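Participant: how does the following fold in three dimensions:
(one chain, ligands or ions: 1)
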Amino acid sequence: METIKLLIIGSGPAGYTAGIYAGRAGLNPVILEGLQPGGQLTITTEVENFPGYPEGVDANEMMDDIRKQAERFGADIRSNIVTKADLDQRPYRFTLDDGSEVAAHSVIIATGASAKFLGLSDEEKYRGVGVSACATCDGFFYRKKVVAVVGGGDTACEEASYLSGLAEKVYLIVRKPFLRASKAMQDRVFENPKIEVLFETNTEGLYGEGGVEGAHLVHRRGEADERRYDLPIDGFFLAIGHKPNSDLFAKWLKLDENGYIMTEGATPRTGVEGVFAAGDVADPLYRQAITAAAAGCKAAIEAQRYIQENGF
Ligand code: NDP
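Facilitator: Reported below is the predicted structural model:
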């Protein structure tokens, strides 16, 4: 079995940035790209808020550049997925999707999070052309337009508030007769004249030629006074939660109630020595490319120190 110093699991900004730092530190890291090479950013279009690109940059191009930068310093990037982890053994053991095994003295978990979708086929159809799960990424493209946000939690309220600064009108589509968000968030939404909350409303589909032009909604589904109608909108934002991709490590690591890996203070240390977590899998709060990249940097510095101190 192959034994390596550092395994980086995941290929978003956290994983690749960890690869750059670890590569430059001479650790010959192996990066496993996983199911979505380049990470969540690759499902958006343009990135305008990553420093260094005054004119913005195509998200896929940017991730490709960061990937090349990691490769330049010796990161060994492989298109594998981890199917099983064993953090009881030292070095740590990982089984990959092709059946092979890797042993690693240190590991950086940068497996990210996946936005939840409603499961409508129209979400796939209009992904990137009217459907988004990230208001901070894509809101800018809806200036002076009409958008809808789905969800009734803190994220939905935050996204609706953010979008209200750009769009002309924001509908918040909430399936229950109340918001689950904190009182402060609710107040912000209710006091905002640009946001209209549609309670007890579900989305059944989207329509439009080449892009979203509206949503098929149903109010009080299944009740005697059920009402179906079409709501004209230009953008449809999902904010029904994210699922951190932490399941593989749940047996060994401390997770919060939503499955995010809990790290020690502002460090990427997980509490299991030599195992670090970086990026969205450990970040319920910010979930930005730049914060993930920073976390990847910190994790690589920690891994380098750990490997050096232990003489691996
Ligand atoms: P939550 O799980 O809190 O809320 C998800 C929302 O989406 C709920 O209103 C839920 O409805 C709704 N929803 C889920 N599935 C569907 C569906 N299939 N159809 C329609 N609606 C659906 O997720 P968040 O991402 O909002 O928040 C996650 C955590 O992060 C929370 O603990 C939150 O407090 C925290 N957070 C804190 C922030 C802050 O303090 N600034 C900002 C953002 C997040 P229902 O209520 O009916 O279940």
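
Participant: contacting residues around residue 123?
Facilitator: Neighbour list for residue 123: 117, 131, 206, 236, 238 [criterion: CB atoms under 8 Å, 6 or more residues apart in numbering]. C-beta: built from backbone N, CA, C; applies to glycine.

Participant: in strands, which of the residues you listed fall?
Facilitator: Applying DSSP state E to the contacts of residue 123, the entries found in strands are 131, 206, 236, 238.

Participant: once you drop chain neighbours, what's closest to the last one?
Facilitator: The one in question is residue 238. residue 133 (4.5 Å; CB to CB, 6 or more residues apart in numbering).

Participant: kindly report the same for residue 289.
Facilitator: residue 13 is the one closest to residue 289 (CB to CB, 6+ apart), at 4.5 Å.

Participant: now the residue in the stretch 51-200 of the chain that the ligand sits nearest to. Nearest residue, chain neighbours left out?
Facilitator: Nearest to the ligand, among the residues of the stretch 51-200 of the chain, is residue 153, at 2.4 Å (CB to the nearest ligand atom). Spatially, and ignoring its direct neighbours in sequence, residue 153 is nearest to residue 180 (4.9 Å; CB to CB, 6+ apart).

Participant: surely that neighbour is in a strand?
Facilitator: No - applying DSSP: H, G, I helix; E, B strand; the rest coil, one finds residue 180 to be coil, outside a strand.

Participant: who touches it in this structure?
Facilitator: 152-154 are the contacts of residue 180 under CB under 8 Å, 6+ apart.

Participant: direction included, what does the one helix or strand residue 149 maps to pair up with?
Facilitator: Here residue 149 is covered by strand 146-150, with elements defined by DSSP states H and E. In the sheet containing strand 146-150, the strands it pairs with under DSSP bridges are strand 169-173 (parallel), strand 235-238 (parallel).

Participant: could the ones you listed go into a markdown table alongside mean pLDDT, distance to the ligand and mean neighbour count?
Facilitator: Output for those, formatted as a markdown table (pLDDT from 0 to 100; distance: least, CB to the nearest ligand atom, whole Å; neighbours: other CB atoms under 10 Å):
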| stretch | mean pLDDT | distance to the ligand | mean neighbour count |
| --- | --- | --- | --- |
| strand 169-173 | 98 | 7 | 25 |
| strand 235-238 | 98 | 9 | 26 |
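
Participant: SS state for residue 68?
Facilitator: Secondary structure for residue 68, judged by three-state DSSP, is helix.

Participant: what sits against it?
Facilitator: Contacts of residue 68 were listed using CB under 8 Å, 6+ apart, and none were found.

Participant: try 10 Å this time
Facilitator: With contact set as CB atoms under 10 Å, 6 or more residues apart in numbering, residue 68 has these partners: 16, 75, 77.

Participant: likewise for residue 292?
Facilitator: 10, 12-18, 39-41, 110, 112, 278-283, 286.

Participant: any idea how far residue 173 is from residue 193?
Facilitator: Distance of residue 193 to residue 173, computed by CB to CB, to the nearest Å: 18 Å.

Participant: and residue 125, how many neighbours?
Facilitator: Per other CB atoms under 10 Å, the neighbour tally for residue 125 reads 15.

Participant: hey, which helix or strand in the protein has the poorest pLDDT?
Facilitator: strand 46-47 (a mean of 82; mean pLDDT, DSSP states H and E).

Participant: ok, residues contacting it?
Facilitator: In contact with strand 46-47 (CB under 10 Å, 6+ apart) are residues 41, 53, 55-63, 137-138, 140-141, 289-290.

Participant: need the buried ones from those residues selected in PyMOL.
Facilitator: In PyMOL, a selection of the buried entries from these looks like this (16 or more other CB atoms under 10 Å):
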select buried, resi 41+57+59+60+62+63+137+138+141+289
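
Participant: and the ligand, which of the contacts of strand 46-47 reach it?
Facilitator: When CB under 6 Å from any ligand atom is applied, no member of the contacts of strand 46-47 is adjacent to the ligand.

Participant: keep only those of the contacts of strand 46-47 that are in helices.
Facilitator: Among these, DSSP state H puts 59-63, 137-138, 289-290 in helices.

Participant: using pLDDT, spot the least trustworthy of those residues.
Facilitator: Among the ones in helices among the contacts of strand 46-47, residue 137 has the lowest pLDDT, at 82.

Participant: show me what contacts that residue?
Facilitator: Contact partners of residue 137, counting by CB under 10 Å, 6+ apart, are 40-41, 43-49, 59, 288-289.

Participant: for it, give its distance to residue 276.
Facilitator: Distance of residue 137 to residue 276, computed by CB to CB: 26 Å.

Participant: which residue of the chain sits farthest from its center?
Facilitator: residue 224 (39.3 Å; CA atoms, centre = their mean).

Participant: what pLDDT does that residue get?
Facilitator: So, for residue 224, pLDDT stands at 97.

Participant: so for the host helix or strand of residue 83, mean pLDDT?
Facilitator: Using DSSP H and E, residue 83 maps to strand 82-86. Across strand 82-86, pLDDT averages out at 97.
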